[in-house]
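>>> sequence? don't have it. structure:
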């Protein structure tokens, strides 16, 4: 109850004051945010900035390093804030990116935006849109600390008659190098609890969606042990979906930080480090070959390549015909990637 | 003249005897090759096997290591021979692959095979085809020795009326970590001489095609300093195109080995090694995002992933916002990749 009250206060608090805790001033001018403070785009921009700050600060605390913060502008409208820590004590590469972009889409591009491919009608074929999100990939040094990825995003598009289409998407997923059942349970259970507050089917549905989405077809393996993933979420209503996104965004720290802290001082061998590097290679394969966000970004003129490819690990390895020995912990990991499990 | 005579002798020599020099028995049974020794598919299979053996032996000699040879079969018809040397003294990862596959294509798939997208008519919509080629990527350890790639391939397809469509494709290109004008000249000039024997425009046209093909659009850079690249080559006649392909295949050793030997004992710093690793990352980006062969391979059920991804380096690196210092040798390299040059 106290927590609920605190959250409400935060949201009703002074925008300028909340911005002081962010990694940078937001993409949208504070005066504009204040003027439009009841609009969903403002609420979401505040949430993604908050999520970025919370997560970065938690990582800085455990690493001892600091994030390099780049605020960048997009010529066609909007911009972003990229926070990167490279070669830290704990993290090999940690990136947390916010972007808030707007402009006009063609009807064809608008159709491709939605995974369900709904037809949208624009004024003279052009549709004003606004897209924003926070996304992050954290690659630790120690092979016993898993890689984590999350992304929460909001999309708005205006049709010819002035009506607005909107939807949310997102997810959080874990990519360990070795299986630790306790970690897997904690991670999935934290997500499940967040989902259960909003809909009894969310966790089961979005867990399945996640396993399907992060599938590296040419390897017959999932990228990691999953989590949740969803797109095109637009019901029952905007406020309720936003509350769900907020719950998800607020699980990012409790999903991951306990796992980092638990393995912080785990010792590891060169063989374990090599296996991590091979798994990093697979991570690169997924991101460059299948990831919708990366593909869309690389194909979009004027997109910020460094922020899109921030998700790639600092180092990776491709060994010809790598096959772990029977009964090894590496083989156990592969088995799970080939046959996704229920963890909760 | 003596060389010309030797070549003719080789071709007219006993097939079984020539096979003794290969890395493995060929994909097609020797008895079948002997029976069909005047057919183009036999001549080409012998050429790609010879090219593989010649190149592997030259690399083994300079490295001191030996290639691991895998002969593999394709369920749907044909197979291949993959030769890989990993973690050698000179080469971090060297792969030389031969594949000879056959079966049936749908009309749609057949159309996609040709870059010009010609419509082909099959019996009941199915077209018997045969595709074969040799391809190789060599990643050395020393950052002063460039990466090389080549691929020579032949394609045959039978239409409804029994007529055969055929064409050749291929190329050789160099990816240095630092610019060495002497190396660049030797490499391009050796290719130019091979081209000039067959057509005065081949080198200029195929050099341009190469720069266009190996372009990493999202970086605004070419993958390396190019070489030659061509596809759909089917004129003036089969014998003449085959002779051109043979000339190209026989330049592989003289294009590359002198460069390897020249830099064999070059000393290098950790900074130079890091820059090599960053360039390797870009190599991965091209191969996974743009390369037609890789994309086609990954999307084809039943293809041998390990042979397709053999081209990826053993190790690679992605640094956020990497930008070489002004006037540095790294900046000089980037400048060339951003503005392809004439080397001959």
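Everything's here; your move. Computed from a prediction, not measured in an experiment: that's the story for all the values here.

>>> and chain A, which residues reach chain B?
A:68, A:70, A:84, A:86, A:93, A:95, A:217-219, A:277, A:281, A:284-285, A:288-289, A:298, A:305-306, A:308-310, A:312-321 (CB under 8 Å from any CB of the partner chain). Where C-beta positions appear, they are placed from N, C-alpha and C, glycine not excepted.

>>> So residue A:45 belongs to a helix, correct?
Yes: according to DSSP: H, G, I helix; E, B strand; the rest coil, residue A:45 belongs to a helix.

>>> any idea how far it is from residue B:79?
56 Å (CB to CB, to the nearest Å).

>>> The closest residue to residue A:158 other than its chain neighbours: which element?
Of all residues not flanking residue A:158 in the chain, residue A:128 sits nearest, at 4.6 Å (CB to CB, 6 or more residues apart in numbering or on different chains). Per DSSP states H and E: residue A:128 is located in strand A:126-140.

>>> just checking, next helix/strand downstream of that strand?
Criterion used, DSSP H and E; the element after strand A:126-140 is strand A:147-158.

>>> after that following strand comes which helix or strand?
Strand A:147-158 is succeeded, C-terminally, by strand A:164-175 (DSSP H and E).

>>> tell me which strands and helices that following strand is in contact with?
strand A:147-158, helix A:181-196, helix A:202-213, strand A:226-233, helix A:238-249, helix A:252-263 (3 or more CB pairs under 8 Å, 6 or more residues apart in numbering or on different chains; DSSP states H and E).

>>> picking that back up, which ones are touching the residue nearest to residue A:158?
Residues near residue A:128 by CB atoms under 8 Å, 6 or more residues apart in numbering or on different chains: A:102-104, A:157-158.

>>> what's the answer for residue A:134, then?
A:48-49, A:51-52, A:96-98, A:150-153, A:249.

>>> cool, residue A:169 as well?
So residue A:169 contacts A:151-153, A:155, A:230-233 (CB under 8 Å, 6+ apart).

>>> what do you get if the cut-off is 10 Å, keeping everything else the same?
When contacts are counted by CB atoms under 10 Å, 6 or more residues apart in numbering or on different chains, residue A:169 touches A:114-115, A:133, A:151-155, A:229-233, A:245, A:292-293.

>>> is it true that residue A:312 touches residue A:147?
No: counting by CB atoms under 10 Å, residue A:312 stays clear of residue A:147, with 11.2 Å between them.

>>> Spell out which residues are contacts of both of those two.
Joint contacts of residue A:312 and residue A:147 (CB under 10 Å, 6+ apart) are A:93, A:137, A:139, A:280, A:283.

>>> TSV for those residues, including pLDDT and neighbour count?
Formatted as TSV, the shared contacts of residue A:312 and residue A:147 follow (pLDDT from 0 to 100; neighbours: other CB atoms under 10 Å in any protein chain shown):
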residue	pLDDT	neighbour count
A:93	97	25
A:137	98	21
A:139	98	26
A:280	98	26
A:283	98	21
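
>>> and which of the residues you listed is nearest residue A:266?
residue A:139 (16.0 Å; CB to CB).

>>> Could you pull up the residues touching the closest one?
A:86, A:91-95, A:145-149, A:175, A:276, A:280, A:283, A:311-316, B:318.

>>> Residue A:138 too?
A:55, A:59, A:85, A:90-96, A:145-150, A:175, A:256, A:260, A:311 are the contacts of residue A:138 under CB under 10 Å, 6+ apart.

>>> quick revisit: which of the contacts of residue A:134 lies closest to chain B?
residue A:97 (10.6 Å; CB to the nearest CB).

>>> pretty sure the closest one contacts residue A:149?
No: counting by CB under 10 Å, residue A:97 does not reach residue A:149; the two are 11.5 Å apart.

>>> hey, what's in contact with both of these two?
A:135-137, A:311.

>>> TSV please, covering these and showing distance to residue A:332.
Shown next, in TSV, are those (distance: CB to CB, whole Å):
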residue	distance to residue A:332
A:135	30
A:136	27
A:137	24
A:311	26
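
>>> How many residues are close by the residue of the stretch 151-300 of chain A found nearest chain B?
Here the stretch 151-300 of chain A gets closest to chain B at one residue, residue A:288, 4.0 Å apart by CB to the nearest CB. A count of neighbours around residue A:288, defined by other CB atoms under 10 Å in any protein chain shown, yields 21.

>>> quick one, phi/psi of the closest residue to it other than its chain neighbours?
Excluding the flanking residues, the one nearest residue A:288 by CB to CB, 6+ apart is residue B:288, at 4.0 Å. Recorded main-chain torsions at residue B:288 are phi -80, psi -30, according to degrees, to the nearest 10.

>>> just residue A:300 next, same as before
phi -90, psi 120.

>>> Let me know whether it touches residue A:308 as I believe.
Yes: assessed by CB under 10 Å, residue A:300 is found in contact with residue A:308 at 9.0 Å.

>>> List the contacts of whatever residue of the stretch 51-200 of chain A ends up closest to chain B.
Closest contact between the stretch 51-200 of chain A and chain B, by CB to the nearest CB, is at residue A:84 (4.6 Å). Each residue near residue A:84 by CB under 10 Å, 6+ apart is listed here: A:56, A:67-70, A:93-97, A:306-307, A:310, B:319-321.
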